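[1] Turn this into a structure:
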Amino acid sequence: MSGRLSILIAEDSAADRMLLSTIVSRQGHRVLTASNGLEAVALFEQERPQLVLMDALMPVMDGFEASRRIKESAGEQLVPIIFLTSLTENEALVRCLEVGDDFLAKPYNQIILQAKISAMDRLRRLQQVVLQQRDLIAKHNEHLLTEQRVAKAVFDKVAHSGCLSAANIRYLQSPFALFNGDLLLAAFKPSGGMHVLLGDFTGHGLPAAIGAMPLAEVFYGMTAKGFSMAEILREMNAKLKRILPVGVFCCATMLNLSFQRRVVEVWNGGLPDGHLLRVASGERVPLVSRHLPLGVLEPTAFNEAYEVHPLLPGDRIFLLSDGVLETHGASGQLFGEERLLEVFAAGHSPERLFDEIQAALAAFRGEAQDDISMIELSMVEDGLLARPALAFSDSGQSSPLDWSVSFEFRAEALKRFNPLPFLLQLLMEVRGLRAQGGALYTVMAELYSNALEHGVLGLDSRLKSDAQGFARYYRERGQRLQALSEGFVRFSLDVVPEAGGGGCLRIRVEDSGKGFDVARALDRPQDKECLSGRGMRLIRQLTHHCQWSPDGRGAQVEFRWPA
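    Just a heads-up that it's a prediction; the model follows:
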């Protein structure tokens, strides 16, 4: 027996109306009666009964029209209507089911009537549950979208706080979800170079992007402090491994682009091949994935080894997520790598390639099945890009202006530790030096690189005469550094105040190497196409004073600042 219902009976026959009222009342339900369709509609709008027993043929307004109006008045609420009919034609019975929900033939059988009322009540209750669940889902969905919009607004401020707007960058992001799993980050290094990362988290939406915020935080924070690409990769992998659930990881390609040295370092873990286009020769060098994605391996097993490629002005690098290759066409085919390579091979001018790739995707009439991200980076002459000043937190306290310190980094430290971020952070406590932060880091990096590579490791920069020699140089560098058992690089920093309120920083760098002929190195003619020999001239340009020791085993530079 179902619960007590309010039931409207619309029947023009007084005898039938009395009979039905008696049957329904004895079943425990509240009864409302109407003698025609018009009365039934008015009574329904006044009392809102839960079920209607409707005679098909009545004066003033028949049951079909009355049922239509009642359904319209009920809106999305289900009010079951059971037609009471003596009609036997199939067309008439079909019309009863089209307008109402069931029919009961005359003469009435009270057992069948009771069963039909119970069945309609179950259907009505089920529809109520569906509507409640729909409203609950809609409420939860709107709450989730609001949270995602807030998260996306915060993330966009973090992720786009770098230099994606730089003149040598073009990029495309077409999110498959409001807050997607693709990540595109770019930031200037203190030395003026650039770190770029394209990442693709597994899945879509908020769960796929759950690691994006900590990844961006590590990327921007460590880049601003002068950490190397290898150190940043290790930290990002360790953090993602620690916080992400099993099965969630980030396929990524990271670049370290140096405009001064005209090189790019490439690490690819799980993304499709990137492409390096050499404009002078037309050669296309694939930037192949050689590593597992970030967040998969334990820190002890992670491999941060990268490839080094020399660059010339005008050379271009293209990176893309797998959503580009997995775009589906109208016939269900994938865009695929073959179509992408056809664009590269079509002979377009380098300036048009990025647009041509986008045009090829549009002509394919593909439908995105994943987040689509693509970026193009151009190699430009050093100094052509506007670089923001380095940002440092300022406690407001006066910075010390009279101190000196010395650090000596020996073989085991040189293998595993990069002293430059540590030294830069120390020097940036001196407020007067902050305006020269980029130049300061660049000079320290050049001095340290010369002391380590040419002094301690004994490498000859003349190896970098061409692309093949460049690769040999860095391969040899890695091998010698791993085998290093003795030697040192020493930094001595001296900050002194000067008359008028300004100050002077003196940096001396010494190494345990055999030294080199300073005069000969400085007198060597500068070849713009040569991949080596620019460091010493760069140091002279960026410092107020510099000098090398006669034996070539030490250098001292000065930075000054006004009051």
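[2] Give me the contacts around stretch 286-294.
    199, 215, 233, 236-237, 240, 249-253, 266-276, 303, 305, 307, 317, 319 (CB atoms under 8 Å, 6 or more residues apart in numbering). C-beta here means a position set from N, CA and C on the backbone, and glycine is covered the same way.
[3] Among those, which lie within helices?
    Counted as lying in helices by DSSP state H, out of the contacts of stretch 286-294, are 215, 233, 236-237, 240.
[4] Distance check, the most centrally placed residue in the chain against residue 124.
    The centre of the chain sits closest to residue 183, judged by CA atoms, centre = their mean, with a distance of 2.5 Å. Going from residue 183 to residue 124 by CB to CB, to the nearest Å gives 50 Å.
[5] Please apply the same query to residue 408.
    Counting by CB to CB, the gap from residue 408 to residue 124 is 85 Å.
[6] what's the answer for residue 247, then?
    As judged by CB to CB, residue 247 and residue 124 stand 44 Å apart.
[7] So which of these two has more stuff around it?
    Set residue 247 next to residue 124 and count neighbours by other CB atoms under 10 Å: residue 124 wins out with 18 against 8.
[8] quick one on the thing from earlier: and the residue nearest to the centre of the chain, which of the three is it?
    Of the three states, residue 183 takes strand according to DSSP: H, G, I helix; E, B strand; the rest coil.
[9] where are the low-confidence patches of the stretch 51-200 of the chain?
    Along the stretch 51-200 of the chain, the parts satisfying pLDDT under 70 run over 158-160, 175-180.
[10] if we can go back for a sec, of all the ones in helices among the contacts of stretch 286-294, which comes closest to residue 466?
    Using CB to CB, residue 233 is the member of the ones in helices among the contacts of stretch 286-294 that sits closest to residue 466, with 28.0 Å.
[11] thought that closest one was touching residue 268?
    No - counting by CB atoms under 8 Å, residue 233 sits too far from residue 268 to count as a contact (11.0 Å).
[12] Could you check which of the two is surrounded by more residues?
    For residue 233 versus residue 268, neighbours defined as other CB under 10 Å are more numerous around residue 233 (27 against 23).
[13] which residues touch that one?
    Residues in contact with residue 233 (CB under 8 Å, 6+ apart) are 254, 267, 294, 302, 304.
[14] Give the helix, strand or coil label for residue 291.
    Following three-state DSSP, residue 291 is assigned to coil.
[15] picking that back up, please produce a ChimeraX select command covering the buried subset of the contacts of stretch 286-294.
    In ChimeraX syntax, the buried subset of those is picked out as below (16 or more other CB atoms under 10 Å):
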select :199,215,233,236,237,240,249,250,251,252,253,266,267,268,269,270,271,272,273,274,275,276,307,317,319
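[16] Sitting in strands, which of the contacts of stretch 286-294 do you find?
    Within these, residues falling in strands by DSSP state E are 199, 250-253, 266-269, 274-276, 307, 317, 319.
[17] so which of these comes closest to residue 333?
    Nearest to residue 333 among the ones in strands among the contacts of stretch 286-294 is residue 275, at 21.9 Å by CB to CB.
[18] Pull up the gap between the closest one and residue 282, please.
    12 Å.
[19] Map the structural domains onto the sequence of this protein.
    6-130, 160-378, 403-561 (automatic domain parsing).
[20] Make JSON lines out of these and add distance to residue 147.
    Listed next are those as JSON lines, based on distance: least, CB to CB, whole Å:
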{"stretch": "domain 6-130", "distance to residue 147": "26"}
{"stretch": "domain 160-378", "distance to residue 147": "8"}
{"stretch": "domain 403-561", "distance to residue 147": "35"}
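[21] Following element in sequence after the longest helix seen in the chain, please.
    What stands out as the longest helix in the chain, according to DSSP H, is helix 110-159. Proceeding N to C from helix 110-159, the next assigned helix or strand is strand 169-174, under DSSP states H and E.
[22] Packing partners of that following strand?
    Contacts defined by 3 or more CB pairs under 8 Å, 6 or more residues apart in numbering; DSSP states H and E place strand 169-174 against strand 182-188, strand 372-378.
[23] can you list the weak-confidence ranges in this protein?
    Where the chain drops to pLDDT under 70, the residues are 1-2, 158-160, 175-180, 204-209, 366-370, 389-400, 467, 521-534.
[24] what bridges to residue 375?
    Listed beta-bridge partners, residue 375: residue 171, residue 319 (assigned using DSSP bridges).
[25] My read is that the residue nearest to the centre of the chain contacts residue 199, right?
    Yes - at 3.7 Å, residue 183 counts as touching residue 199 under the criterion of CB under 8 Å.
[26] Common neighbours of those two, please.
    With CB under 8 Å, 6+ apart as the test, residue 183 and residue 199 both reach 212, 215, 250, 252.
[27] Spell out the secondary structure type for the residue lying closest to residue 185 once chain neighbours are set aside.
    Leaving out its chain neighbours, the residue that sits closest to residue 185 by CB to CB, 6 or more residues apart in numbering is residue 197, at 4.5 Å. Assigned with three-state DSSP, residue 197 falls in the strand class.
[28] From residue 46, how far off is residue 197?
    68 Å.
[29] Of those two, which one has the most company?
    Set side by side, residue 197 and residue 46 show more neighbours around residue 197, with 27 against 9, by other CB under 10 Å.
[30] Show me where the stretch 251-400 of the chain has its strands.
    Assigned by DSSP state E, counting those that start in this stretch, the stretch 251-400 of the chain shows strands spanning 263-269, 274-277, 284-287, 307-310, 316-320, 372-378.
[31] if we can go back for a sec, out of the ones in strands among the contacts of stretch 286-294, which comes closest to residue 388?
    Comparing the ones in strands among the contacts of stretch 286-294 against residue 388 with CB to CB places residue 317 closest, at 22.2 Å.
[32] and that closest one, how far is that from residue 119?
    Taking CB to CB as the criterion, residue 317 is separated from residue 119 by 69 Å.
[33] Same question for residue 188.
    Noted for residue 188: a distance of 72 Å to residue 119, by CB to CB.
[34] who has more neighbours, the two?
    More crowded of residue 188 and residue 119, by other CB under 10 Å: residue 188, with 21 against 15.
[35] Pretty sure that one sits against residue 388.
    Yes - with contact defined as CB under 8 Å, residue 188 counts as touching residue 388 (6.9 Å).
[36] Now list whatever residues contact both of these two.
    Joint contacts of residue 188 and residue 388 (CB under 8 Å, 6+ apart) are residue 163.
[37] how many neighbours does residue 62 have?
    Neighbours of residue 62 using other CB under 10 Å come to 16.
[38] show me the contacts for the closest residue in space to it that isn't next to it in sequence.
    Ranked by CB to CB, 6+ apart and with sequence neighbours excluded, the top spatial neighbour of residue 62 is residue 37, at 5.7 Å. Residues in contact with residue 37 (CB under 8 Å, 6+ apart) are 10, 54, 58, 60-63, 65-66.
[39] same thing with residue 85?
    55-57, 92-93, 96, 103-106.
[40] Tell me what it is bridged to.
    residue 105.
[41] Next, work out how far apart it and residue 93 are.
    From residue 85 to residue 93 the distance is 7 Å (CB to CB).
[42] what touches both of those two?
    Between them, residue 85 and residue 93 share the contacting residues residue 103, judged by CB under 8 Å, 6+ apart.
[43] before we move on, the earlier item: residue 145 is nearest to which of the domains of the chain?
    When the domains of the chain are compared (using CB to CB), the closest one is domain 160-378, at 6.9 Å.
[44] Which element, helix or strand, includes residue 217?
    Using DSSP H and E, residue 217 falls within helix 212-224.
[45] got a list of what residue 487 touches?
    Residues in contact with residue 487 (CB under 8 Å, 6+ apart) are 410-411, 414, 455-456, 511-513.
[46] Now which of these would you call buried?
    The neighbour count (16+ other CB under 10 Å) marks 410, 414, 455-456, 511-513 as buried among those.
[47] Grab the CA positions of stretch 265-282 and hand them over as PDB.
    C-alpha atoms of stretch 265-282 as PDB (Å, rounded to 0.1, in the frame of the first residue of the first chain):
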ATOM      1  CA  GLU A 265      70.200  22.800 -23.400                       C
ATOM      2  CA  VAL A 266      67.300  20.400 -23.900                       C
ATOM      3  CA  TRP A 267      65.700  17.800 -21.500                       C
ATOM      4  CA  ASN A 268      62.700  15.900 -22.800                       C
ATOM      5  CA  GLY A 269      60.800  13.500 -20.600                       C
ATOM      6  CA  GLY A 270      57.800  11.900 -22.300                       C
ATOM      7  CA  LEU A 271      56.600  14.700 -24.700                       C
ATOM      8  CA  PRO A 272      56.600  14.300 -28.500                       C
ATOM      9  CA  ASP A 273      59.800  15.300 -30.200                       C
ATOM     10  CA  GLY A 274      60.600  18.900 -30.300                       C
ATOM     11  CA  HIS A 275      62.200  20.400 -33.400                       C
ATOM     12  CA  LEU A 276      65.300  22.700 -33.800                       C
ATOM     13  CA  LEU A 277      65.300  24.400 -37.200                       C
ATOM     14  CA  ARG A 278      68.700  25.800 -38.300                       C
ATOM     15  CA  VAL A 279      67.800  28.700 -40.600                       C
ATOM     16  CA  ALA A 280      71.200  28.900 -42.400                       C
ATOM     17  CA  SER A 281      71.200  25.300 -43.500                       C
ATOM     18  CA  GLY A 282      67.500  24.400 -43.300                       C
END
